[in-house]
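Colleague: Sharing a model prediction with you, sequence too.
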Amino acid sequence: MRVTLLEKTDLTARFIVEGINPPLANTLRRIILSEVPTMAIDDIVIYENSSVLHDEILALRLGLIPLKTDLDTYNLPEKCSCRSELGCPLCRVVLTLNVEAKGGVRTVYSGDLVSENPNIVPVSEKIPIVKLASGQKIMLEAYARLGRGKDHAKWQPVSACTYRYKPIIKIDYARCDGCGRCAEICPRRVLAKEGNKIVIVREMECTLCMDCVRACEVKPPPIQISWDNTTFIFYVESTGSLPVERIILEALKIYEEKFTEFMRLLEGLGV
């Protein structure tokens with residue numbers, strides 16, 4: 001197996017994985033979506049809520065605010081030694097919200113949440129929660145815990161995690177008349193016309209839509225689109241809870257743990 005990084009930012013990564021099959025590619029995708037833990041608000045104690053939102057809707061909005069996560073400091077609730085329903089400082093973080101609108105309408109933002117740990121805060125301070133009319137107030141305590149996307153979407157570490165086959169584009173220049181229709185119709189501008197010749201300029205951007213093949217008036221078309229079923233282009237976009245490289249490394253670590261456990265169980269059966 002070989003991995004080639006195509007591009008990376010603080011929140012996104014695009015890379016090629018060679019030498020694997022579709023089931024393994026999908027396993028990695030599903031582990032990223034459902035197994036990599038992140039921090040999210042799970043329990044809320046509301047002392048006062050005179051806003052237009054019902055308590056349960058307010059709680060839902062707070063739960064869906066992505067929080068920056070520290071996997072090295074906190075334990076998953078089921079693995080914490082406290083065994084407490086409310087948790088302890090090793091497995092939960094307390095955030096408070098105490099906002100009142102005085103003298104006019106006020107929008108409550110995620111930045112109004114005050115965390116006991118400055119490292120566990122919303123990834124953005126500008127996520128709107130609710131608007132308060134003059135005199136309305138919200139006062140509550142929120143308990144954030146580590147969890148997994150398989151239990152609730154609020155714990156998913158990514159907003160996007162996709163893979164696709166690596167495209168293979170071939171042009172028979174002996175039969176291509178260079179009309180340029182394929183380049184004009186391509187939605188991703190994979191092809192371009194240079195003089196009287198069609199050239200491949202962005203092969204990795206091809207989505208295998210086949211529009212270029214259908215647009216060609218020469219029959220059979222001199223352009224052929226196929227794919228390599230052992231090479232995949234992955235795109236991972238973090239919600240901001242964890243750096244994208246940490247998400248990928250944690251997913252690989254979890255995959256290794258699951259594989260090791262599976263082999264141990266097989267050996268126990270004497271297979």
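Modeller: Happy to help now that I have it.

Colleague: going forward, measure contacts and count neighbours with C-alpha atoms only.
Modeller: Will do.

Colleague: OK, contacts around the residue nearest to the spatial centre of the chain?
Modeller: When the chain is reduced to its mean C-alpha position, the nearest residue by C-alpha atoms, centre = their mean turns out to be Val158, at 1.7 Å. Contacts for Val158 were tallied using C-alpha atoms under 8 Å, 6 or more residues apart in numbering; they are Ile32, Leu33, Val236, Glu237, Ser238, Thr239, Gly240.

Colleague: partner residues bridging it?
Modeller: Beta-bridge pairing for Val158 (DSSP bridges): Ser238.

Colleague: And it, how close does it get to Tyr74?
Modeller: Applying C-alpha to C-alpha, to the nearest Å, one obtains 20 Å for the distance of Val158 from Tyr74.

Colleague: Quick check: beta-bridge partners of Asn98?
Modeller: With beta bridges defined as DSSP bridges, Asn98 has these partners: Met139.

Colleague: Surely it touches Leu140?
Modeller: Yes. Taking C-alpha atoms under 8 Å as the definition, Asn98 is a contact partner of Leu140 at 6.6 Å.

Colleague: Who are the contact partners of Trp155?
Modeller: Listed by C-alpha under 8 Å, 6+ apart, the contact set of Trp155 reads Pro37, Thr38, Met39, Ala40, Leu146, Gly147, Arg148, Gly149.

Colleague: Is the second one bridged to anything, and to what?
Modeller: Taking DSSP bridges as the rule, Thr38 bridges to Gly147.

Colleague: thinking again about what came up before, tell me the one among the contacts of Val158 nearest to Leu6.
Modeller: Using C-alpha to C-alpha, Val236 is the member of the contacts of Val158 that lies nearest Leu6, at 11.9 Å.

Colleague: Skipping its backbone neighbours, what lies nearest that closest one in space?
Modeller: Among residues not flanking Val236 along the chain, Cys161 sits closest, at 4.5 Å (C-alpha to C-alpha, 6 or more residues apart in numbering).

Colleague: Can I take it that the one you found is in a strand?
Modeller: Yes. The assignment for Cys161, made by DSSP: H, G, I helix; E, B strand; the rest coil, places it in a strand.

Colleague: was I right about it contacting Ile233?
Modeller: No. Contact criterion C-alpha under 8 Å: Cys161 and Ile233 do not qualify, at 10.8 Å.

Colleague: Which residue of these two possesses the greater neighbour count?
Modeller: Here Cys161 and Ile233 are compared on neighbour count by other C-alpha atoms under 10 Å; more neighbours surround Ile233, at 22 against 19.

Colleague: host element of the more buried one?
Modeller: Using DSSP states H and E, the secondary-structure element containing Ile233 is strand 223-238.

Colleague: For that strand, what is the distance to the chain centroid?
Modeller: When distances are taken as C-alpha atoms, centre = their mean, to the nearest Å, strand 223-238 is centred 18 Å away from the chain's centroid.

Colleague: List the buried residues for that strand?
Modeller: Within strand 223-238, the residues that qualify as buried are Ile223, Ile225, Thr231, Phe232, Ile233, Phe234, Tyr235, Val236, Glu237, Ser238, counting by 16 or more other C-alpha atoms under 10 Å.
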